[in-house]
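Enquirer: my questions are about this predicted structure, shown below with the sequence.
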Amino acid sequence: MAERVIPLVDERAASRSAVVPSVLQAPTGLLQDQWGRPLRDLRISVTDRCNFRCNYCMPKEVFDKNYQYLPHSSLLSFEEITRLAQLFVQHGVRKLRLTGGEPLLRKNLEVLIAQLAELRTPDGQPLDLTLTTNASLLARKAQALKDAGLNRVTVSLDGLNDEVFRRMNDVDFPVADVLDGIEAARAVGLSDIKVNMVVKRGTNDDQILPMARHFRGTGVTLRFIEYMDVGATNGWRMNEVLPSDDVIARLRTELPLIPLEPSSRGETAVRWGYADAAGQHDPQLGEVGVISSVTHAFCGDCNRARLSTEGKLYLCLFANQGWDLRSLLRSGASNAEIAAAIAPIWQQRDDRYSQMRSEMPPDATPASSGRRIEMSYIGG
């Protein structure tokens, strides 16, 4: 077996200055990038810390006790996050997703959620406000999150077998506590709960069917995510990717599935519904989804931007540089100036990393990609 080499690098400092144009144009909500993709989804990382050490995201060999996390003074305050979110809403964003690291580690997160829940689109509509979590703290915080205005929650869970799951999270955290968190979220009324399972061939792919059996008919949507080459430290290899087509094939050996239409433009998951005896989708049985950024790139309608915990704007999960918005916030720039700086960043966007990778030989990556930012820093 080839030795696994993990580069010890810190790419968080890679950034470009966000420039205020000489002529300020008010946001129209109609921003498009170089491929005609609108800006609709903003993913906001609220912390670079996590209490798990999943090997595909924060391997323990790198993120050990000596790893230097960002100091609190570097993080955007809740007020700064809310201010930026409002400007992105003016540019067309309709969905906000809080991520990390593990977002529930950010103290008093429900205060931020309450602030974001007050935001409205230019036509007065509330935003879709959601959060991705490993659920380690969800059971104790679900009620406060719901009361603050959170709409939905997505939980990361990579298997039902305790041995497999503990091997994936690498901190000996039990499955039962994650399931308790999911149940708590359901009990307080958080809707449209999703569970994301990263599938790594030879590690947890034997959990595909057990996970499907467990969540089928519960109202929780299970999604299978191909193991991706995010960041620079997870030792990604193409032969560890189980294509989503194979995942669906395994499911259909036992559980009848039929394809469903996308629920919205830019949706990352391809939807499959559980079928009844007549071969029709049974909503009571629910659905599953597959996210196939390796084998079926969906760059063509990607409408997502990402804001790091220290205020850098990234235009792709596989980005290697971000634009520094924090310096504008803290240098006294007006809302009009910051909004005017955001617009050309999106308009020049031409990122399509997954699509470019799919056109190359296995294990190859686009030559221009550089060393990519870590997923734990900007969220998934």
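Expert: Received the coordinates, thanks. Residues are numbered from 1 along each chain as shown.
Enquirer: what are the buried residues along stretch 29-49?
Expert: 31, 33, 37-49 (16 or more other Cβ atoms under 10 Å). Just so you know, the C-beta spots here come from the backbone N, C-alpha and C atoms, and that holds for glycine as well.
Enquirer: and stretch 291-302, average pLDDT?
Expert: Stretch 291-302 shows an average pLDDT of 82 in the prediction.
Enquirer: so where is the stretch 201-350 of the chain shaky, pLDDT-wise?
Expert: 229-236, 266 (pLDDT under 70).
Enquirer: strands of that one, start to end?
Expert: 221-226, 257-259, 270-274, 287-291, 304-307, 312-314, 322-324 (DSSP state E, counting those that start in this stretch).
Enquirer: closest one to Leu145 among these?
Expert: Closest approach to Leu145 among those is made by strand 221-226 (18.8 Å; Cβ to Cβ).
Enquirer: for that closest one, which strands pair with it and how are they oriented?
Expert: If you go by DSSP bridges, strand 221-226 pairs up with strand 191-199 (parallel), strand 287-291 (parallel).
Enquirer: so for the longest one, what gets flagged as buried?
Expert: By neighbour count on 16+ other Cβ under 10 Å, the buried set for strand 191-199 is Ile193, Lys194, Val195, Asn196, Met197, Val198, Val199.
Enquirer: surely Gly92 and Leu30 touch.
Expert: Yes. Using Cβ atoms under 8 Å, Gly92 is in contact with Leu30, at 6.6 Å.
Enquirer: tell me, how many residues neighbour the residue lying closest to Glu337 once chain neighbours are set aside?
Expert: Among residues not flanking Glu337 along the chain, Val20 sits closest, at 4.5 Å (Cβ to Cβ, 6 or more residues apart in numbering). Using other Cβ atoms under 10 Å, Val20 is surrounded by 17 other residues.
Enquirer: quick one: contacts for Val20?
Expert: Taking Cβ atoms under 8 Å, 6 or more residues apart in numbering as the criterion, Val20 is in contact with Leu328, Ala333, Glu337, Ile338, Ala340, Ala341.
Enquirer: now those: which count as buried?
Expert: Counted by 16+ other Cβ under 10 Å, the contacts of Val20 give Leu328, Ala333, Glu337, Ile338, Ala340, Ala341 as buried.
Enquirer: rebuild the residues you listed as a markdown table, extending it with distance to Leu209.
Expert: Shown next, in a markdown table, are the buried ones among the contacts of Val20 (distance: Cβ to Cβ, whole Å):
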| residue | distance to Leu209 |
| --- | --- |
| Leu328 | 50 |
| Ala333 | 53 |
| Glu337 | 54 |
| Ile338 | 49 |
| Ala340 | 52 |
| Ala341 | 49 |
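Enquirer: and the helices in the chain, which stretches?
Expert: 78-90, 109-117, 138-148, 162-169, 175-188, 208-215, 244-252, 326-330, 335-347, 353-358, 375-378 (DSSP state H).
Enquirer: now tabulate the ones you listed in JSON lines and tack on distance to Tyr274.
Expert: Output for the helices of the chain, formatted as JSON lines (distance: least, Cβ to Cβ, whole Å):
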{"stretch": "helix 78-90", "distance to Tyr274": "36"}
{"stretch": "helix 109-117", "distance to Tyr274": "32"}
{"stretch": "helix 138-148", "distance to Tyr274": "25"}
{"stretch": "helix 162-169", "distance to Tyr274": "24"}
{"stretch": "helix 175-188", "distance to Tyr274": "19"}
{"stretch": "helix 208-215", "distance to Tyr274": "9"}
{"stretch": "helix 244-252", "distance to Tyr274": "9"}
{"stretch": "helix 326-330", "distance to Tyr274": "45"}
{"stretch": "helix 335-347", "distance to Tyr274": "38"}
{"stretch": "helix 353-358", "distance to Tyr274": "28"}
{"stretch": "helix 375-378", "distance to Tyr274": "30"}
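Enquirer: out of these, nearest to Asp123?
Expert: Among the helices of the chain, helix 78-90 sits nearest to Asp123 (Cβ to Cβ), with 10.9 Å.
Enquirer: in the closest one, which residues are buried?
Expert: Under 16+ other Cβ under 10 Å, the buried positions of helix 78-90 are Phe78, Ile81, Thr82, Arg83, Leu84, Ala85, Gln86, Leu87, Phe88, Val89, Gln90.
Enquirer: same thing with stretch 335-355?
Expert: 337-346, 349, 351-355.
Enquirer: for these, which one is nearest Thr154?
Expert: Ser354 (20.0 Å).
Enquirer: so what pLDDT did the closest one get?
Expert: At Ser354, pLDDT is 69.
Enquirer: one more: the one 3 residues further on?
Expert: Confidence per residue is given as pLDDT, and for Arg357 that number is 64.
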